[in-house]
Each structure stands twice: as structure tokens, then as C-alpha cells.
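Engineer: Any chance you could fold what I've pasted below:
(one chain, ligands or ions: 1)
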Amino acid sequence: MGNAVRDLGVAAAAGKSRRSPISSMRIALACGRFGRIARIPASFSWRCLLGSAAGTSAGLYGAACGRPTARDLEVLRRAAHKAVCRRGRRQAAEMVFMLSPVAKLDPKAVVMLAPVVTAVRALRGGTLPLDTWRGVADAVSAGAGRCFGPVAAALRSMQELGLGRDIETWTGVLEAPRCWQQAARSCRSQAVLVRAWHCAEVKRLAGRRPAFAHIAGGMEVWATKRLLKPGALDADVQGCLRTVLADGVVTEKLAAKWNGRGADCPHCRHGLEDHEHRFWLCTAWHSARCRALEYSVPAAPRSTRNLWRHLPDGVARTVTLAVSPELEALQLQAECEDPVLPPQQFVDMSSRARTVWTDGACLRPADPFLRRAGWALRLDDGQDANWGGPVQGAQTVQRAELTAAVAASRLAGGPLEIVSDSEFVVLRCAQIAAGANEGEWDHDDLWKLLAPHIRSRRVRARWIVAHLSPTKARARGLSERDRLGNAAADSNAGAAATCGLPGPARVSARQRQLDCLDAAQRLMATVELEVMKATGEQGP
Ligand SMILES: [Zn+2]
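Structural biologist: Sure thing, here's the model as predicted:
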């Protein structure tokens, strides 16, 4: 192996015991997988970072290299980008997939998405007329047009991403088809692209490697990566978890392909060592498993055997969770829900000035499939003083707060003071009043509704501190009227968000699923670390 190994830095990661049989196997494996990216014009340490950042089959690096700094990632990204641009996309096949910390890091994603993003910008900005786009697109698909140039590059990327060629339908230039409505409404087109790219990558991965077959329909990135957050686990265990997630575990059965020796488990001497044996059956790691399960979360089974039985297909090998179509449909339904805004009142500046307390809430904000947002407002007096409802589009607390402010602006026709505990809403309102343009902001669909009223000085927003007891409110100078108004809006918003949650049976099934995944990840990472310790394979 010699120079090649040193060049790849695998020897350094494998530590002083690199001559132990399993280590050589790991090195051979890593070399094979890294051969393709060895020519990246980046130094050894950058390539190590690449491995640890990516969590690819180089999971080997995971335990040895910590989380790279933002600066390292940026340097790395540029180096890899250069390499990919020079040698074509396929060279980077194994570099990074969905496990990278940021989508921007992935050089393949950058190369793939950049032409489309540029075309979208040009279309929106008017520098690329829609007719020109269509003309070139027709020509390219008929085989008559030029197959290079910015439009052709964008078309090629869209084809590889499975997006068809109707760029204008999801950029907001024309009406979006149903499948893109959700994304077009609630976020930028980049999010659509990144999502499409993730799906395409995962599908390719599942086709290439049988261990990932169960996620062919999409991987649940959030649930799968929860324990990779800084501080969620010991760094060593996290490194091992990366190895497991990337299917980089080398069992004796796998090693036997190179060394020609038997595949018997060297740790218990009871049968063949495959993934199932190592993680779930081998008696040598029994106490490690028990230790891992001690820390696990309440809804997960306590015994290894029960846990194993509860894991969905494929999860017991790579602990990557597939997207549940049912939960996805429910989430989409929640995002398409009508926000039930009050009717727009006739604007009449001579009518009485009003005060409205607004609030937004979001339940389970971290969970991409259970998060539900609700908005509410409380009018200073009158019969219909309380309003509230679901939030359309992205289920976030910011969007909920903003929806509440939009609702308030519709409810009163005269001068209106919105009292909100959202710094986001109040600060942005002040920026609009000072002349800022809301066109490039997140949730610009809602800002467009609110901004004219702020510019005309009919509506202004005031910030108050939220959720104070009467005593503390007095101490902080918050009037009792504001405190009660905010409290009413707050509880109404919470109730509105709760209405959107799927039934309790589904919520608890989801919790159980997440807890089981969490427990399985802890267990497998702990066992993998034990194996590495037993075989002397620790980082330098
Ligand atoms: Zn064993």
C-alpha cells in the first residue's frame, strides 16, 4: 500500500496498530473507496476533514477527526469544487451525500445546483426572458440546440434531479403545478432544488448499496442525524456512529473477502461475524449493549432483543430512518391548511385607533413531520375579540407570528397598533418603515400583504416582553393591559397549533419510532467503539 496509504492519511487515522489484520482491511477498503477522490487538489488534512465532515464510507475518519471548523469546511469546499469542475461530476460520487453538515458544503450539490439557481435568478430578474428559456429548452430537448451554455447546463441539472424541464412552473414565474406548490409558497426555490437533490442522491445511494435499500423513497435526515449534534454523544461514540450510518463497518465476513481467512467472530468464537452478529447477537458486547440502553429514552424497549424486533426493516444495519409517506402526507396537508384570516376591512384612517395583541406558536418545532404552527390575536375590545387558526406554509413560529400580524392588519381598517412579543416581526416592521424592501426576505408572500400598511403608517408594531407573572410584569414596566392581551393571544395560538397535530395515537407512535432509533444508534455506536478498542483501532 505504501505511499498511497500515507497519502490518503488512512494510516494516521488507524493509529499505531495499523498492522493488525482488521486495520489493514479497513485501509484497503478506504483506499478503494477513496481512490476516486484521491486526486482532489487538497492536502492530506483537508481530505481527512472531508471524510469526517461527510460521514461517507470514510467513517473510519470519524473517530479520529472531530467536527471540522467552518473555515476548514469552506477551504475544503472550494478545493473539492475545483476538482469536481475539472473532472466531471461522477468523480465525486462518494464524496458527500446527505450526511454532510450543510448542503452548501457538498461540492457535487454546488456543481449540480448552481446552473439552475443562476437560471432561476435570471428568469426572475428578467435578464433571461422566459421565451428565450423555452426556445433553448425546446431546441435542446429536440437535439437541435447547443448542448453547452447556461441554459443547457441548467436543463441538464434539472433532468438529473428529476425536475423535468418546466423551470418556470416552480420559480413563481407562472402558476406552480400541485407538487411544487408547497415549496413555492413557503420557501425559496433553492430549497426545492436542495430537496430534489437529496432525493436523487438517496435514490442513487439506495440503488448502489443494498444496505440503504430501505431509504430509496427518501431518508429522514433530521431523525437520523439527531445524535450527531455537538454534545449529544461522546465524540468517540459519535465518530463510530458516523461509521455505522455510512455503512463503513468492517466485519470479519467483509474482511474475509480480502484476507481469505474465515469469517468466524474473533470475539466470541460463536459463529460468523456479520453485522447482525456483531451488533445484536455477539455475547462479547453484551455489557456494552446494556450500558448503551441504560441511557436510552423512555419509550424504547430496554432489552436488546425487544429493540431489535421493533426496528423497521433495514434500520438495524445502518440506523438510517426512511421517510414515512403517511406522516409526510399529514405534514403537507397541515401546510396547505387555510389560515382562516379575518376579512379585510375597508381602510379608513378616520376610524378609531385600535390595539391588537398578536402571537404565534409552534409545537414540536424540531420535528419536520410533527411541527405544527398556529397564530392568534386578541383585539382590544368588541364581540369578536379573539381570532386564531392554522398557519399556511412552513410550520415555524416566525411564520406564525407574521401570520398573526397580517391577520391583525386585515381586521382593523383604521390606525392600528400591533403589540407582539416577536422581535422578528417588530424589527422587520421597523425596517420596512425605514424603507427596506421585503422582496428578498423569507416569508415574502406574507410580508407583501403587511408592508403596504406599514409604509402608509397606518399600522405600526410595538414589542413587549412575553410570558411574565403580574409581579415581574410590573417590575419590568409592562402594563397589565399588555400582559393580559399577550397572555390571551399566547394561549389561543397554542390551542390553534394543537388543533393541527395528528391524533394522539400517531404522535405516540412517532415518539416510539424516534426513541427506538435513538436507542439503536447508541447501541450500535457503543458496540462499534468497543470493537475498535478491542482490536486496538483507536485514533492517533
Ligand atoms: Zn461474536
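
Engineer: Relative to residue 504, how far out is residue 522?
Structural biologist: The gap separating residue 522 from residue 504 is 27 Å, by CB to CB, to the nearest Å. Using the backbone N, CA and C atoms, a C-beta is placed for each residue, glycine as well.

Engineer: Name the residue in these two with the higher neighbour count.
Structural biologist: A count of neighbours by other CB atoms under 10 Å puts residue 522 above the other of residue 522 and residue 504, at 25 against 8.

Engineer: what does this protein put close to the ion?
Structural biologist: 265, 267-268, 282 (CB under 5 Å from the ion).

Engineer: at 6 Å what do you get?
Structural biologist: Proximity of the chain to the ion, by CB under 6 Å from the ion, involves residues 265, 267-268, 270, 273, 277, 282, 284.

Engineer: Which pLDDT value belongs to residue 323?
Structural biologist: Looking at residue 323, its pLDDT is 87.

Engineer: what about this structure, any weak spots by pLDDT?
Structural biologist: Along the chain, segments meeting pLDDT under 70 span 1-111, 144-148, 168-191, 258-260, 296, 536-540.

Engineer: That one: strands as residue ranges?
Structural biologist: 354-363, 372-379, 386-390, 416-420, 459-463 (DSSP state E).

Engineer: residues touching residue 467, list them.
Structural biologist: 421, 486-487, 490 (CB atoms under 8 Å, 6 or more residues apart in numbering).

Engineer: likewise residue 419?
Structural biologist: Per CB under 8 Å, 6+ apart, neighbours of residue 419: 355-358, 461-462, 464, 482, 485-486.

Engineer: For beta bridges, what are the partners of it?
Structural biologist: On the basis of DSSP bridges, residue 419 is bridged to residue 357, residue 462.

Engineer: Please report how far it lies from residue 341.
Structural biologist: Relative to residue 341, and taking CB to CB, residue 419 is found at 18 Å.

Engineer: just residue 517 next, same as before
Structural biologist: Counting by CB to CB - residue 517 and residue 341 are separated by 38 Å.

Engineer: So which of the two has more stuff around it?
Structural biologist: Shown here are residue 517 and residue 341; by other CB under 10 Å, residue 517 has more neighbours (24 against 19).

Engineer: So that one is in contact with residue 224, correct?
Structural biologist: Yes: under the criterion of CB atoms under 8 Å, residue 517 makes contact with residue 224 at 7.4 Å.

Engineer: Could you tell me which residues touch both of those two?
Structural biologist: Common neighbours of residue 517 and residue 224 (CB under 8 Å, 6+ apart) are 319, 321.

Engineer: How many residues are close by whichever residue of the stretch 301-450 of the chain sits closest to the ion?
Structural biologist: The ion sits closest to residue 304 of the stretch 301-450 of the chain, with a gap of 13.7 Å, by CB to the ion. Residue 304 is flanked by 20 other residues according to other CB under 10 Å.

Engineer: Also the one 5 residues further on?
Structural biologist: By other CB under 10 Å, 11 other residues sit near residue 309.

Engineer: Spatially nearest residue to it, not counting backbone neighbours?
Structural biologist: In space, and not counting its chain neighbours, residue 309 is closest to residue 301: 7.8 Å by CB to CB, 6 or more residues apart in numbering.

Engineer: Look up phi and psi at the one you found.
Structural biologist: phi -60, psi 150 (degrees, to the nearest 10).

Engineer: For residue 242, see how far away it is.
Structural biologist: As for residue 301, its distance to residue 242 is 25 Å (criterion: CB to CB).

Engineer: which ones are touching the spatially closest residue to residue 369 that is not a sequence neighbour?
Structural biologist: Nearest residue to residue 369, sequence neighbours excluded (CB to CB, 6+ apart): residue 327, at 4.1 Å. Going by CB under 8 Å, 6+ apart, residue 327 touches 369-370, 502, 506, 510.

Engineer: Outline the domain layout of this structure.
Structural biologist: For the chain, automatic domain parsing gives the domain ranges 2-200, 225-323+514-535, 338-499.

Engineer: Alright, calling it a day.
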